[in-house]
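Participant: pasting a predicted model and its sequence here:
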Amino acid sequence: MIRRLGWFLTGAAAGAGAMRVARRRVRTVVRRMSPRRVQLQVATGVRRQVDRVGDAVREGRAAKANRERTLRAQIEQRVDTLDGHLGPHDTVLLDGEPVDRERLIVLRSEAEHSKRAR
């Protein structure tokens, strides 16, 4: 009889502990899913997406402006290549890092271009 009472009390204590843990978990989920909190999370997510789109638009505009400057310089013949100035084994460095010479474009300013044209 004492053995049964011991097992009963052990089971009751375990059940009470499990109920307490389950109650805490349910309360945290309910708090997390409350309408106000969900609205805040949605608003934060939307704001992040808007910021990312804005960043992409700014980056695209900057790339477009750079490409336009490059094309205008090519049309106005203000572009100078390094091929005539470098030997076959010379290395081009930009901020101390080696750069592929085909990817490097040197643009002369319009004032310098007009001085050379005279």
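Facilitator: Sure thing, it's come through.

Participant: please report how far the spatially most central residue of the chain lies from Glu59.
Facilitator: For the chain, the residue nearest the mean C-alpha position is Arg52 (8.0 Å; Cα atoms, centre = their mean). To Glu59, Arg52 is 11 Å away according to Cβ to Cβ, to the nearest Å. In short, each C-beta sits where N, CA and C put it, glycine included.

Participant: which helices and strands sit right next to the longest helix belonging to the chain?
Facilitator: The longest helix of the chain (DSSP state H) is helix 35-75. Helices and strands touching helix 35-75, as assessed by 3 or more Cβ pairs under 8 Å, 6 or more residues apart in numbering; DSSP states H and E, comprise strand 106-107.

Participant: any idea of the mean pLDDT in the strand it packs on?
Facilitator: Mean pLDDT, strand 106-107: 64.

Participant: per-domain residue ranges of the protein.
Facilitator: Split into domains by automatic domain parsing, the chain comes to 38-75, 78-118.

Participant: rank those by pLDDT, which is bottom?
Facilitator: domain 78-118 (a mean of 70).

Participant: tell me the span between the first and last residue of stretch 88-96.
Facilitator: End-to-end distance for stretch 88-96: 19 Å, by Cα to Cα, to the nearest Å.

Participant: check which helices and strands the strand or helix carrying Arg31 sits against.
Facilitator: Per DSSP states H and E, Arg31 falls inside helix 2-32. Helices and strands touching helix 2-32, as assessed by 3+ Cβ pairs under 8 Å, 6+ apart, are absent.

Participant: how far off centre is that helix?
Facilitator: 45 Å (Cα atoms, centre = their mean, to the nearest Å).

Participant: and that helix, what's its mean pLDDT?
Facilitator: 88.

Participant: quick one, it and helix 35-75 angle?
Facilitator: Using axes from the mean of the first three to the mean of the last three Cα atoms, to 10 degrees, the inter-axis angle of helix 2-32 relative to helix 35-75 is 50 degrees.
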